[in-house]
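Participant: Structure, please.
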Amino acid sequence: MSNQRQAAADRVINRGERLFLAAWLAGLSLLLAIAGCLAVFPVRNEALAVAGRHRDRMDPSAPDPGTTSPDRQLPAGAIPTPVTAGIYVDRIVDLSIKDASWTVDFYLWLRWHLDSAQAEGDGAGGAFEPGNGIQVVDGSIESSQREEQCTTAGERYERYRIIARITKPFEISRFPCDDHLLTINIENPRYQRHQLVFVADEANSGVSSRVRVSAYGIHRSQIIEKPHSYKTTRGDPRLPAGTKSTYSQCRLGIELRRDTWGFYFKMFQALYVAVTIAMLSMFIKPTNVDPRFGLGVGGLLAAVANSYVTSSLIPDTGMMTVADLVNGIGIGMILLTVVQSTVSLYLFERLELEALSRRFDQASFAILAGGYLAINLALPLAAIAG
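Facilitator: The predicted structure is shown next:
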């Protein structure tokens, strides 16, 4: 009997069996190609779109995403007081993607000529004080202390140390291959842009080399001045409908990028092991049902657990992230191994086509392993901006 089974296993498969095997492999390859394209191309497009939005936010002449072009033209006859402003980040105290916020400790300094400022005032007869009432847009100042002030050669200098908590809706579609643009936006609501215009101190602004952000590296920083308009009268009955107020905004942008692949592989190492174990079942004889199907079921449970863990690191949204795609593709691959084992068992036991079953297992493993490896290499590379 054993010799007969060995002969059946070693026989050359016939033309009909070869057509079945070719059809299965073609269908499997097409399925993996479609899944890869549906996953990779949208991620790449999103990476390019995010990079474009980051450029626009740090381009003085470009509109911020979701806004109209900034009006850099001043009203006729307006002579605003130029105030040199600089920002130097000493610490990023906290950054939480899940809570959509970050806390920063930074220095802000202002410098202006007194002769031009004395005539300007605050529009209500008061002295010109650009540091009085300064605010961080999209954030709240937790502490502010004026550390230095002096007047030399007709020029006024003031330096503040500020700790601010800033709301930041992080773009998580490419998590954990994400990069972010953190911005500190400084305005003074007491003076509109025709009264005060910030001049960015590019030479002295930046980020301390001591600043560290968990899982990210600081790619670069840039400071600009940009108009910022509010399309509302804020209910002021003295203003006609449609009046908008435009303020000068000093903005420091900090680009964060993932430094290494360590965080990525740490997130998915359990998933990769689970998928590998499930694929190894194709080297087990189909009639050994317990190990053949048990490996796939065990791998499925591990993949689902990994999905829950990665989802807990980001806000609850309806958006599919790269992490969701990687987990979903892993779960789908494990499902395919179970389907493949079912077909192989049917060929081996019901149809007694042992040679076909063996070749079916070998060819399926090659296609599934190659396709899974290709998708998992292409997906993170597509998610990297730049």
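Participant: residue ranges with poor pLDDT in the stretch 51-200 of the chain?
Facilitator: Low-confidence segments of the stretch 51-200 of the chain (pLDDT under 70): 68-71, 116-126.
Participant: Let's see that with 90 instead.
Facilitator: 61-79, 98, 114-128, 152-154, 171, 194 (pLDDT under 90).
Participant: Contacts only, for the spatially closest residue to residue 230 that is not a sequence neighbour.
Facilitator: For residue 230, ignoring the flanking residues on the chain, the nearest one in space by CB to CB, 6 or more residues apart in numbering is residue 245 at 5.0 Å. C-beta coordinates here come from the backbone N, C-alpha and C atoms, glycine included. Residues in contact with residue 245 (CB atoms under 8 Å, 6 or more residues apart in numbering) are 192, 229, 230.
Participant: Could you pull up phi and psi at the closest residue to the second one other than its chain neighbours?
Facilitator: Computed as CB to CB, 6+ apart, the closest residue to residue 229 that is not its neighbour in sequence is residue 246, at 4.5 Å. Note on residue 246: backbone dihedrals following degrees, to the nearest 10 are phi -120, psi 130.
Participant: Quick check, residue 246 in contact with residue 195.
Facilitator: No - in this structure, residue 246 is not within contact of residue 195 by CB atoms under 8 Å, at 10.6 Å.
Participant: More neighbours: which of the two?
Facilitator: Remark: of residue 246 and residue 195, residue 195 carries more neighbours, 22 against 19, as counted by other CB atoms under 10 Å.
Participant: thinking again about what came up before, which of the contacts of residue 245 are buried? Put it as a PyMOL command.
Facilitator: Restricted to buried positions by 16 or more other CB atoms under 10 Å, the PyMOL selection for these reads:
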select buried, resi 192+229
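Participant: how about JSON lines for the contacts of residue 245, with secondary structure and distance to residue 179 added?
Facilitator: Shown next, in JSON lines, are the contacts of residue 245 (DSSP: H, G, I helix; E, B strand; the rest coil; distance: CB to CB, whole Å):
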{"residue": "192", "secondary structure": "coil", "distance to residue 179": "34"}
{"residue": "229", "secondary structure": "strand", "distance to residue 179": "28"}
{"residue": "230", "secondary structure": "strand", "distance to residue 179": "29"}
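Participant: Among the contacts of residue 245, pick out the one closest to residue 64, please.
Facilitator: residue 229 (10.3 Å; CB to CB).
Participant: Residue 73 - that's part of a strand, no?
Facilitator: No - with DSSP: H, G, I helix; E, B strand; the rest coil as the criterion, residue 73 is coil rather than part of a strand.
Participant: quick one, helices of the stretch 1-150 of the chain?
Facilitator: Counting by DSSP state H, counting those that start in this stretch, one finds helices in the stretch 1-150 of the chain at the ranges 2-10, 15-57, 114-120.
Participant: and these, which one is worst for confidence?
Facilitator: Of all the helices of the stretch 1-150 of the chain, helix 2-10 carries the lowest average pLDDT, namely a mean of 52.
Participant: For residue 278, which non-adjacent residue is spatially closest?
Facilitator: residue 299 (3.7 Å).
Participant: Any buried residues in the helix or strand hosting that neighbour, and which?
Facilitator: Element membership for residue 299 (DSSP states H and E) is helix 289-311. For helix 289-311, the neighbour count (16+ other CB under 10 Å) marks 292, 293, 295, 296, 299, 300, 302, 303, 306, 307, 310 as buried.
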